[in-house]
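S.K.: 3D, please:
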Amino acid sequence: YNITSEEKKTVEVTFNSDEKLESNYRKFYKDVVFVPEKVEFDGKEYTVTAIGEKAFHLNDELLSVVMPKTIILIRFDAFACCPNFKSLTIPENVRSFDNFSFHSMPSLEHLAVDENNEFFDSREGCNAIIKTKSNTLYVGCRTTVIPDGVKVIANGAFITSVGRDIEPFEITIPKSVEVIESQAFAGCRPLKKITFSEGLKSIGHWAFNATSLESVVIPASVNDISPRAFNRCDSLKVIKVKKGNKVYDSRKGCNAIIESESDKLVLGCNESEIPEGVKIIGADAFAECAIKEVKFPSSVEVIESDAFEHCRLLKTVVIPGTVKEIESSAFSSSSIEEVVIEDGVEIIGDGVFSRCNKLKKATLPVSLKECGSTYSGIFNGSRELEWVNLSNDNKNYYCNGRILLEKETRTVIDGWGIDKCYVGSGFVR
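M.R.: As a prediction, this is how the structure comes out:
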């Protein structure tokens, strides 16, 4: 225990800082632990009012903790990373806790709140913790059944289910839910199916990051979707938007989400095809996606920043001349081996192909007017790059295969392949 107030004679449960880890876990607690209401120290009695930060963290043999009614606070990481923890009941006087207190507890199957708690509840035996006043589902687990009446799925709500060694599960979002906040289901690899209901309005950043979803159907009521809402979903092959949605569509069975008014593709998946009529590939649209091939229709004019960042299966890219601008880091950290940018493209942003560790050849367009900067170039960190082609007919830049030089200022924008290169009037390093 740590003494939190000598005046009020209160303590919080803490962890044994002297204990050594065994196979990355602590062995201090096992099976079911009962936390007492009172403890004695130096002849004085103290009331246990909190579960301290990391108090039960990393105990792989712990199954449950029974807390007294004197507990009012549960701190960050208090029960985190307990892989075999199965059951938890929140006492009646708990008024505050961080939902990340319960992350990475994949075996958790029973969540309840004492019926006398004024701040939280687990209505209808839902196996979840709900903020009563706001109807926000704050903590869930793999056995949760979200009750009708819940309006918000909180940031990190299902972070308890982070882990691979549990059976796949599915979740149905009832019609009362309007908002799924950022990272609500992030890292829940066992989550294989999600069913949305009409009434949902917003899906936040990384809401379903790194889940095992195979298909997603967006209701007509949704009007706000974060570009990375479903990133790193390696199994995702089908994305559809229901007819009647006033903001988004998935025209021509493209397996992508398109912002109808702007013709911007805001979110794609492994099996997406960019349909004719799309003008913009939105920021982060395919970020960390397992897409293997991409074909740009003639309607595409702009590829926004980070659009194809970390696409680890993408090998060859041809960008047609109908595209006028490629924004910063659009293909950064991808597995591209060769890229051809056709004549017509005028602007290439900072670090568009940065940290592409397999990139060997690139062709830049005669039409290029503006590219990179002396701070980040175009190819910075792409260590395998051997040669870049650019015609001498380009009015703004010169390239000898090894360096890219701005003609007017004679500024080296980028260089690759060797430690020294001849620019024409001397050596630069």
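
S.K.: list the buried residues of stretch 219-227.
M.R.: 219, 221, 222, 225, 226, 227 (16 or more other C-beta atoms under 10 Å). Where you see a C-beta, it was placed from the backbone N, CA and C, and this is true even at glycine.

S.K.: check contacts around the fifth one.
M.R.: Applying C-beta atoms under 8 Å, 6 or more residues apart in numbering, we find residue 226 in contact with 182, 203, 204, 205, 206, 207.

S.K.: go on, the last one?
M.R.: Residues in contact with residue 227 (C-beta under 8 Å, 6+ apart) are 266, 267, 282, 283, 284, 285, 287.

S.K.: on that earlier part again, now, the buried residues of stretch 219-227 that are in helices?
M.R.: If you go by DSSP state H, the buried residues of stretch 219-227 have nothing in helices.

S.K.: looking at those, spot the one nearest residue 52.
M.R.: Comparing those against residue 52 with C-beta to C-beta places residue 226 closest, at 33.9 Å.

S.K.: distance check, the closest one against residue 26.
M.R.: In this view, residue 226 and residue 26 are 36 Å apart by C-beta to C-beta, to the nearest Å.

S.K.: now do residue 379
M.R.: 46 Å.

S.K.: quick one: contacts of stretch 253-264?
M.R.: Outside stretch 253-264, the residues that touch it by C-beta under 8 Å, 6+ apart are 218, 225, 237-241, 245-251, 265-269, 271-275, 277-282, 285, 299.

S.K.: doesn't residue 144 make contact with residue 127?
M.R.: Yes. Applying C-beta atoms under 8 Å, one finds residue 127 in contact with residue 144, separated by 4.8 Å.

S.K.: so what sits against both of the two?
M.R.: With C-beta under 8 Å, 6+ apart as the test, residue 127 and residue 144 both reach residue 111.

S.K.: contacting residues for residue 368?
M.R.: Residue 368 neighbours (C-beta under 8 Å, 6+ apart): 341, 345, 346, 347, 348, 390, 394, 396, 397.

S.K.: before we move on, the earlier item: keep only those of the buried residues of stretch 219-227 that are in strands.
M.R.: residue 225 (DSSP state E).

S.K.: got the buried residues of stretch 219-227 as a markdown table, with distance to residue 138 and pLDDT columns?
M.R.: Formatted as a markdown table, the buried residues of stretch 219-227 follow (distance: C-beta to C-beta, whole Å; pLDDT from 0 to 100):
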| residue | distance to residue 138 | pLDDT |
| --- | --- | --- |
| 219 | 23 | 98 |
| 221 | 23 | 98 |
| 222 | 22 | 98 |
| 225 | 23 | 96 |
| 226 | 20 | 90 |
| 227 | 26 | 82 |
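
S.K.: which one among the buried residues of stretch 219-227 gets closest to residue 161?
M.R.: Checking the buried residues of stretch 219-227 one by one against residue 161 (C-beta to C-beta), the nearest turns out to be residue 226, at 20.4 Å.

S.K.: okay but residue 214 is in contact with residue 235, surely?
M.R.: Yes. Under the criterion of C-beta under 8 Å, residue 214 makes contact with residue 235 at 5.0 Å.

S.K.: who touches both of those two?
M.R.: residue 192.

S.K.: which stretches in the stretch 1-150 of the chain count as strands?
M.R.: 2-5, 10-13, 31-34, 38-41, 44-51, 62-66, 73-74, 87-90, 96-97, 110-113, 120-121, 129-131, 136-139 (DSSP state E, counting those that start in this stretch).

S.K.: wasn't residue 393 part of a helix?
M.R.: No. Counting by DSSP: H, G, I helix; E, B strand; the rest coil, residue 393 is not part of a helix but coil.

S.K.: let the chain start at 461 from now.
M.R.: Let's use 461 as the start, then, which means that last one is residue 853.

S.K.: does it touch residue 826 like I think?
M.R.: Yes. In this structure residue 853 lies within contact range of residue 826 using C-beta under 8 Å: 5.1 Å.

S.K.: for those two, indicate the residue with more neighbours.
M.R.: residue 826 (17 against 8; other C-beta atoms under 10 Å).

S.K.: of all residues in this protein, which one is nearest the centre?
M.R.: Nearest to the mean C-alpha position of the chain, counting by C-alpha atoms, centre = their mean, stands residue 666 at 3.5 Å.

S.K.: contacting residues for that one?
M.R.: 642, 643, 646, 686, 688, 689, 691.

S.K.: straight-line length of stretch 827-841, end to end?
M.R.: Chord length of stretch 827-841, first to last residue, is 25 Å (C-alpha to C-alpha, to the nearest Å).

S.K.: understood, closing this out.
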